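**Student:** Curious how this folds, go ahead:
(4 chains, ligands or ions: 4)
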Protein chains: 4
Amino acid sequence: MDVKQPSQLPQETIEKLIRQSHEAKTHAYCVYSKFRVGAAVLTEDDRVFTGCNVENACYNLGICAERTAMSKAVSEGYSNFKAIAIASDLEDQFISPCGGCRQFMREFGTNWEVYLTKLDNSYMMRTVDQLLPISFGPDDLSMKKVIPDEN
Amino acid sequence: MDVKQPSQLPQETIEKLIRQSHEAKTHAYCVYSKFRVGAAVLTEDDRVFTGCNVENACYNLGICAERTAMSKAVSEGYSNFKAIAIASDLEDQFISPCGGCRQFMREFGTNWEVYLTKLDNSYMMRTVDQLLPISFGPDDLSMKKVIPDEN
Amino acid sequence: MDVKQPSQLPQETIEKLIRQSHEAKTHAYCVYSKFRVGAAVLTEDDRVFTGCNVENACYNLGICAERTAMSKAVSEGYSNFKAIAIASDLEDQFISPCGGCRQFMREFGTNWEVYLTKLDNSYMMRTVDQLLPISFGPDDLSMKKVIPDEN
Amino acid sequence: MDVKQPSQLPQETIEKLIRQSHEAKTHAYCVYSKFRVGAAVLTEDDRVFTGCNVENACYNLGICAERTAMSKAVSEGYSNFKAIAIASDLEDQFISPCGGCRQFMREFGTNWEVYLTKLDNSYMMRTVDQLLPISFGPDDLSMKKVIPDEN
Ligand SMILES: [Zn+2]
Ligand SMILES: [Zn+2]
Ligand SMILES: [Zn+2]
Ligand SMILES: [Zn+2]
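**Tutor:** Ligands and ions are numbered 1, 2, ... in the order given. Now for the predicted structure:
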């Protein structure tokens, strides 16, 4: 579980991305969970987009920090990602993306890097594929199906 | 239904916001619906944040343009909104926000302005409250409840 | 706002549906919000399906009571609805559906009845269309669009 | 990847559950994706609840088959699960749950069984934990946090 993953990123870049994910947390709108989350996604062209969780009175209509960061990048024309860092206020535990965010990441590739961090900036790295194995993706919707006539 | 609403915004500001919502559409990631949507939200301090729809192979994990724009603003520290404009490629019909986005808007107030537009930049304005009457909001979760002991 | 709506349902049917929505509440899985919600949907063939909210540690992946009840009906082959009743533990306030649920209702028609209730079984009735005016629905996705070539 | 997992279920039970997931598919409301999915969840008390995907004109407000089946069970008072089978019309590929559904499963335990099937009823079994490693769950929200005063 704790096998060191070889990253393609310089250590300096990783550390900066993690710092940015912690800064992003300060804008969290989390009046319901009181659980602040920040994220910073690094694009192939080395731009960084940050996000935070934005909750809603109808809990299930809120948006996670990771999805905020990624949709922000996409809305500016960037959808090729190298890495994403995720930060929370948990001291003793690496904050891990929810399944919904893993699926959202996977839409843009299975081989990029996800940095799960602790409050002290220590981290664990996994690829999207490691976090969402045997995943369902864009190609699967167009696979050969056998559908009965009447539907 | 088509009663003219008095806007608090200068005509020039409205028209610019609508143009920005149409531009935002160009980044839409909508490989499944092929339905491009753009949005531009205007904050109290006159900043504009734009968004587009970002779809997913698991359809229900995508994000609408309006929510992208608003979560982007929140993630940069802006959560007081004056207006949002929504744009699509529909020629004959004002594009209208889905119920999920109306609820997301309502989290940040009921009295701000929503501009539903057509491809030719013509528009219809409604307040959030008009689009989501008798709404459930942040205050309701803390209202007096009578809950049985065992739960 | 409080204009009496003429219902198409017998008073007895309405009262029974409301009782069922309150009973449905007892199964709510709401460890995060502690806010129990129940719903009971009545189909055209007079069958009733009940639902409750089912929350998730990742708040935005939970499901509302209303959507649980409707998806349950659909999964059993019933998708023509006459009415839905919604119940919570709020004493002084009619519990109102979130925007996401209003949109989910609207998928199955705009003219059916929604009963917002209080703990004492008193209620307010609105049609789906009244709760989600100028709505975006199934037909809109196939309307005439003008899309640039390159997309 | 294709290591045989030892199941705790009798072969007959597995095969019946898979058949039920295929039957559940027939009620799918999937007018947008045309991609039918069915699911059947087996509770600790050996009851089976089935579900299908229920889509929405606003794509992201739809519900997956797996979540329909599980929320149905919860709404009837059953939230301890042994296994879930998932079925689609894909001929050459095991249908796999999206990240959102994996997270929804995980809410009710990490060690139960997920059957990914093909049209010919062949299957692959994985535990929830294998499909969503290093997951974020109910306990994590109450872990020790260090939050600044002003938030
Ligand atoms: Zn998430
Ligand atoms: Zn929307
Ligand atoms: Zn709802
Ligand atoms: Zn799913």
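
**Student:** residues in chain A within reach of ligand 1, list them.
**Tutor:** Within chain A, the residues that sit near ligand 1 (CB under 5 Å from the ion) are A:64, A:98, A:100, A:101. C-betas here are computed from N, CA, C, even on glycine.

**Student:** among those, which are within reach of chain D?
**Tutor:** The subset of these within reach of chain D, by CB under 8 Å from any CB of the partner chain, is A:98, A:100, A:101.

**Student:** Dump these into CSV; add pLDDT, neighbour count and secondary structure as well.
**Tutor:** Shown next, in CSV, are those (pLDDT from 0 to 100; neighbours: other CB atoms under 10 Å in any protein chain shown; DSSP: H, G, I helix; E, B strand; the rest coil):
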residue, pLDDT, neighbour count, secondary structure
A:98, 98, 27, coil
A:100, 98, 27, helix
A:101, 98, 33, helix
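
**Student:** Closest one of the residues you listed to ligand 3?
**Tutor:** Proximity to ligand 3 was ranked across those by CB to the ion; first place goes to residue A:100, at 16.9 Å.

**Student:** Now do the same contact list for that closest one.
**Tutor:** Applying CB atoms under 8 Å, 6 or more residues apart in numbering or on different chains to residue A:100 gives the contacts A:64, A:67, B:61, C:58, C:60, C:61, D:99, D:100, D:103.

**Student:** In terms of distance to ligand 3, which of these ranks first?
**Tutor:** residue C:60 (12.0 Å).

**Student:** Tell me the secondary structure at that closest one.
**Tutor:** helix (DSSP: H, G, I helix; E, B strand; the rest coil).

**Student:** Contacts only, for it.
**Tutor:** A:55, A:56, A:59, A:60, A:61, A:62, A:63, A:64, A:100 are the contacts of residue C:60 under CB under 8 Å, 6+ apart.

**Student:** swap the cut-off to 6 Å and go again
**Tutor:** Neighbouring residues of residue C:60 by CB atoms under 6 Å, 6 or more residues apart in numbering or on different chains: A:60, A:62.

**Student:** Also residue A:56?
**Tutor:** By CB under 6 Å, 6+ apart, the contact set of residue A:56 is A:62, B:107.

**Student:** let's go with 7 Å and repeat that
**Tutor:** Contact analysis of residue A:56 by CB atoms under 7 Å, 6 or more residues apart in numbering or on different chains lists A:62, B:103, B:104, B:107.

**Student:** Chain D contacts on chain A?
**Tutor:** Residues of chain A found near chain D (CB under 7 Å from any CB of the partner chain) are A:33, A:35-36, A:89-93, A:96, A:98-100, A:102-103, A:119, A:126, A:131-136, A:140-141, A:143-147, A:151.

**Student:** Return the subset of those residues lying in strands.
**Tutor:** Judged by DSSP state E, the subset of the residues of chain A next to chain D located in strands is residue A:126.

**Student:** out of the residues of chain A next to chain D, which are buried?
**Tutor:** Among the residues of chain A next to chain D, those classed as buried by 16 or more other CB atoms under 10 Å in any protein chain shown are A:33, A:35-36, A:89-90, A:93, A:96, A:98-100, A:102-103, A:119, A:126, A:131-133, A:135-136, A:140-141, A:145.

**Student:** taking those residues one by one, which sit in helices?
**Tutor:** Among these, the residues falling in helices (DSSP state H) are A:99, A:100, A:102, A:103, A:131.

**Student:** Let me know whether the first one touches residue D:102 as I believe.
**Tutor:** Spelled out, that is residue A:99. Yes: using CB atoms under 7 Å as the test, residue A:99 is close enough to residue D:102 to be in contact (4.2 Å).

**Student:** Which neighbours do these two have in common?
**Tutor:** Listed as contacting both residue A:99 and residue D:102 by CB under 7 Å, 6+ apart are residue D:132.

**Student:** about what we covered before: of all the contacts of residue A:56, which two lie farthest apart?
**Tutor:** The largest separation in those, counting by CB to CB, is between A:62 and B:103 at 10.1 Å.

**Student:** quick revisit: tell me the one among the residues of chain A next to ligand 1 nearest to chain C.
**Tutor:** residue A:98 (3.5 Å; CB to the nearest CB).

**Student:** which ones are touching the closest one?
**Tutor:** Residue A:98 makes contacts with A:64, C:58, C:61, D:103, D:136, as judged by CB under 7 Å, 6+ apart.

**Student:** Now pLDDT and distance to ligand 2 too, for those, in JSON lines please.
**Tutor:** JSON lines is the format used below for those (pLDDT from 0 to 100; distance: CB to the ion, whole Å):
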{"residue": "A:64", "pLDDT": "98", "distance to ligand 2": "17"}
{"residue": "C:58", "pLDDT": "97", "distance to ligand 2": "20"}
{"residue": "C:61", "pLDDT": "97", "distance to ligand 2": "17"}
{"residue": "D:103", "pLDDT": "98", "distance to ligand 2": "21"}
{"residue": "D:136", "pLDDT": "89", "distance to ligand 2": "25"}
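
**Student:** Can I get the lengthiest helix in chain A in PDB, CA atoms only?
**Tutor:** As assigned by DSSP H, the longest helix anywhere in chain A is helix A:11-24. The C-alpha trace of helix A:11-24 is given here as PDB (Å, rounded to 0.1, in the frame of the first residue of the first chain):
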ATOM      1  CA  GLN A  11      10.000  17.500  -6.200                       C
ATOM      2  CA  GLU A  12       9.800  21.300  -6.300                       C
ATOM      3  CA  THR A  13       6.800  21.200  -8.500                       C
ATOM      4  CA  ILE A  14       5.100  18.700  -6.300                       C
ATOM      5  CA  GLU A  15       5.700  20.700  -3.200                       C
ATOM      6  CA  LYS A  16       4.400  23.900  -4.800                       C
ATOM      7  CA  LEU A  17       1.200  22.100  -6.000                       C
ATOM      8  CA  ILE A  18       0.600  20.800  -2.500                       C
ATOM      9  CA  ARG A  19       1.000  24.300  -1.000                       C
ATOM     10  CA  GLN A  20      -1.400  25.700  -3.600                       C
ATOM     11  CA  SER A  21      -4.000  23.000  -2.700                       C
ATOM     12  CA  HIS A  22      -3.700  24.100   1.000                       C
ATOM     13  CA  GLU A  23      -4.200  27.700   0.000                       C
ATOM     14  CA  ALA A  24      -7.200  26.900  -2.100                       C
END
